[in-house]
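>>> compute the structure for the input listed below.
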Amino acid sequence: MASSASKGSAAASSDALDLKRNSDDMAWEFAVCCNPLDLQRVKCKLCGKEMGGGVTRMKQHIAGIKGQVSSCHKSGPLDKFVKPIDPSIPVKKFQQQNISDAIDKDRSYKVGQYLARWIYKKNVPFNAINDDDFKQFCEALGRYGPKWKPPSQHLLRQKMLLQEVERTRELMKPHEIERVATGCSIMTDAWTDKKRRSIMNLCVHCKLGTSFLESKEASADAHTSEYIFNYVLESIDKIGINNVVQIVTDNASNNMGAKSMLKEKFPQIFWTSCATHTLNLIVEAIGKLKQFAPIIIKAKEMTIFIYAHHKTLSLMRFYTRKRDIIRPGVTRFASAFLTLQSLIAKKKELRAMACSDAWEGCKHTRTKKGKSAHATIMSRAFWNGVSLCIKVFEPLVKLLRLADSNGPSMATMYGELLSTKKAIMAAVENSEKNYLMIIQAMDTKMKGRLDSPLHIAAFMLNPKYSYADSTIFSDVEVVAAFMEVMEQFYHDDDEKQNIVLNIDFTS
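Numbering: from 1, shown residues only. Just a heads-up that it's a prediction; the model follows:
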């Protein structure tokens, strides 16, 4: 009997150790009920202390709030046990206990005010608030809790910086593995900073995306073809000759000279012109045609006149409800196109302005440039020309956006160029005398750049085009381009060329 009683007592004691209230309160991670018949009697799982008052008293005990109960000598800040600092580690959702939601909302707003004050004071861009790293910092800070101190400047520029560099190297390892597996492209770029220093950049693009490789100041060096070739050659040696598929540069003459030198040393590597730069050359050439150049010049002169004088600028903004007619873009062509779109959208307001008494009474509008601007605004031929410019340039703008996007464009560039030509023909109602000069200007600038064998081969292998038109596989020009690419890619490897051209391609 005594033995049975003792066993029952032991079982009850064991059950009590695992007994807790049916609650999502985080405090039950550190507490258990001592007695199933008295749920207000709890025991701390950290130090073993028993106390009354339920889970509320346990929170005071764990958090070290003095007055009602002694502090737990084995606990630190409560968040240390509840949440890991690393924001990438998920945690259980719980409802923080507040006096009221309204008070919590007010406190959160006040915290935001401190952040906003720092942003205004240090001239931090507003969109920085949407940065994922900043959101991770906020989450980590919330998990840490109060009394966190920011790192010193020395710590930021030394230990933490070195750790971040090492972390970045770790993040780049998958890119290095992918370069070996599927190859990569090296992209060069030269630009001038605010201090008039000439900077040369090298980036590497693979299936996982684009990554920065290196840069150097080249202000004291002449950017000859040999200089560019040697710089690219160094990057090829770093990445590995077998891992590099193509080099991408703009269409400057020194880059074209480096292209010839590379072809002699590494005939299997492709040298490709930058699509964005080539498209800008195309639209610049079209913009100089007699159908469009006078319209663009008149629009430019008119907008310059309006923005040159406070009175005319104020008058324009009054009629357009404070909307500007000049819209800046990434390139000069993009700015011109966006401005033409803006002009046609505000045609009615601009004409009303030019007919107003305020315009007639302004001394600037009585000058030669003012009369010219008035004639332009009131000219029906000018507005018809602006509409034609927009219809012709709009397909090119779409293509430029495709080339300038983050996604790959090689496989779609040639096919979209063909579609762009058709769209331009339709814009001029398929009138040969109107579209012939435009198409010729396009062909002149894209020849050997965007219609290279590599572009045509990518066009043929893209299901978007080949499934829609199966005759692509029997087109002599397309098949010849594909064969040339395979012969260059598998240079001096007749066996692989035979497998691709006679087995894979025909099967």
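>>> switch to C-alpha atoms for all contacts and neighbour counts from now on
Will do.
>>> show me the strands in the chain, by range?
Listed in chain order, the strands of the chain (DSSP state E) span residues 31-35, 38-44, 50-51, 184-192, 198-206, 209-217, 244-249, 270-273.
>>> so the first one versus strand 38-44, what angle?
With axes from the mean of the first three to the mean of the last three C-alpha atoms, to 10 degrees defining the directions, strand 31-35 sits at 130 degrees from strand 38-44.
>>> packing partners of strand 31-35?
Packing contacts for strand 31-35, counted by 3 or more C-alpha pairs under 8 Å, 6 or more residues apart in numbering; DSSP states H and E, involve helix 2-17, strand 38-44.
>>> report the helix or strand with the lowest average pLDDT across this protein.
helix 2-17 (a mean of 43; mean pLDDT, DSSP states H and E).
>>> give me the mean pLDDT for stretch 394-401.
When the per-residue pLDDT values of stretch 394-401 are averaged, the result is 89.
>>> show me what counts as buried in that stretch.
Taking 16 or more other C-alpha atoms under 10 Å as the basis for neighbour counts, the residues of stretch 394-401 that come out buried are 394-397, 399-400.
>>> can you lay out these as JSON lines showing distance to Tyr109?
Shown next, in JSON lines, are the buried residues of stretch 394-401 (distance: C-alpha to C-alpha, whole Å):
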{"residue": "Glu394", "distance to Tyr109": "45"}
{"residue": "Pro395", "distance to Tyr109": "47"}
{"residue": "Leu396", "distance to Tyr109": "47"}
{"residue": "Val397", "distance to Tyr109": "43"}
{"residue": "Leu399", "distance to Tyr109": "45"}
{"residue": "Leu400", "distance to Tyr109": "43"}
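>>> which ones among those map onto helices?
Using DSSP state H, the members of the buried residues of stretch 394-401 that fall in helices are 394-397, 399-400.
>>> tell me the one of the residues you listed nearest Glu166?
When these are compared for distance to Glu166 (C-alpha to C-alpha), Leu400 wins out at 36.7 Å.
>>> surely the closest one and Thr278 touch.
No: with contact defined as C-alpha atoms under 8 Å, Leu400 does not reach Thr278; the gap is 9.5 Å.
>>> in TSV: the strands of the chain, plus mean neighbour count and mean pLDDT.
Listed next are those as TSV, based on neighbours: other C-alpha atoms under 10 Å; pLDDT from 0 to 100:
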stretch	mean neighbour count	mean pLDDT
strand 31-35	24	83
strand 38-44	20	84
strand 50-51	17	86
strand 184-192	19	90
strand 198-206	18	92
strand 209-217	13	90
strand 244-249	20	93
strand 270-273	22	92
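>>> go through those strands and name the closest to Ile297.
Using C-alpha to C-alpha, the nearest of the strands of the chain to Ile297 is strand 184-192, at 28.1 Å.
>>> just the CA atoms of the closest one, as PDB, please.
These are the backbone C-alpha positions of strand 184-192, laid out as PDB (Å, rounded to 0.1, in the frame of the first residue of the first chain):
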ATOM      1  CA  CYS A 184      30.200  34.000 -67.600                       C
ATOM      2  CA  SER A 185      30.500  37.300 -69.400                       C
ATOM      3  CA  ILE A 186      33.000  40.100 -68.500                       C
ATOM      4  CA  MET A 187      31.600  43.600 -68.800                       C
ATOM      5  CA  THR A 188      33.800  46.700 -69.000                       C
ATOM      6  CA  ASP A 189      32.800  50.300 -68.300                       C
ATOM      7  CA  ALA A 190      34.700  53.600 -68.200                       C
ATOM      8  CA  TRP A 191      33.300  56.800 -66.600                       C
ATOM      9  CA  THR A 192      34.400  60.000 -65.000                       C
END
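>>> chain center to it, what's the gap?
17 Å (C-alpha atoms, centre = their mean, to the nearest Å).
>>> burial count for the residue nearest to Lys66 when sequence neighbours are not counted?
Spatial nearest neighbour of Lys66, excluding adjacent residues (C-alpha to C-alpha, 6 or more residues apart in numbering): Gln60 at 7.2 Å. One way to gauge burial is a neighbour count; for Gln60, by other C-alpha atoms under 10 Å, it gives 18.
>>> look up how far Asp25 lies from Gln60.
Using C-alpha to C-alpha, to the nearest Å, one gets 14 Å for the distance from Gln60 to Asp25.
>>> and what of Ala403?
Counting by C-alpha to C-alpha, the separation of Ala403 from Asp25 is 54 Å.
>>> of these two, which one has the most company?
Each of Ala403 and Asp25 had its neighbours counted (other C-alpha under 10 Å), and the higher figure belongs to Ala403 (21 against 13).
>>> quick one: the more buried one and Thr276 touch, right?
Yes: in this structure, Ala403 sits in contact with Thr276. The criterion is C-alpha under 8 Å, and the distance is 5.6 Å.
>>> circling back: ok, the residue nearest to Lys66 touching Cys72?
No: because the distance of 9.1 Å does not satisfy C-alpha under 8 Å, Gln60 is recorded as not touching Cys72.
>>> what about the helices in the stretch 51-200 of the chain?
Taking DSSP state H, counting those that start in this stretch as the criterion, the stretch 51-200 of the chain contains helices spanning 54-63, 78-82, 101-121, 132-144, 153-157, 159-182.
>>> and the stretch 401-507 of the chain, by the same measure?
According to DSSP H, counting those that start in this stretch, the helices that the stretch 401-507 of the chain contains are 410-427, 432-446, 453-461, 463-466, 476-489, 494-498.
>>> got the buried residues for the shortest one?
Within helix 463-466, the residues that qualify as buried are Tyr465, counting by 16+ other C-alpha under 10 Å.
>>> what's that helix packed up against?
With contacts defined as 3+ C-alpha pairs under 8 Å, 6+ apart, the packing partners of helix 463-466 are helix 453-461.
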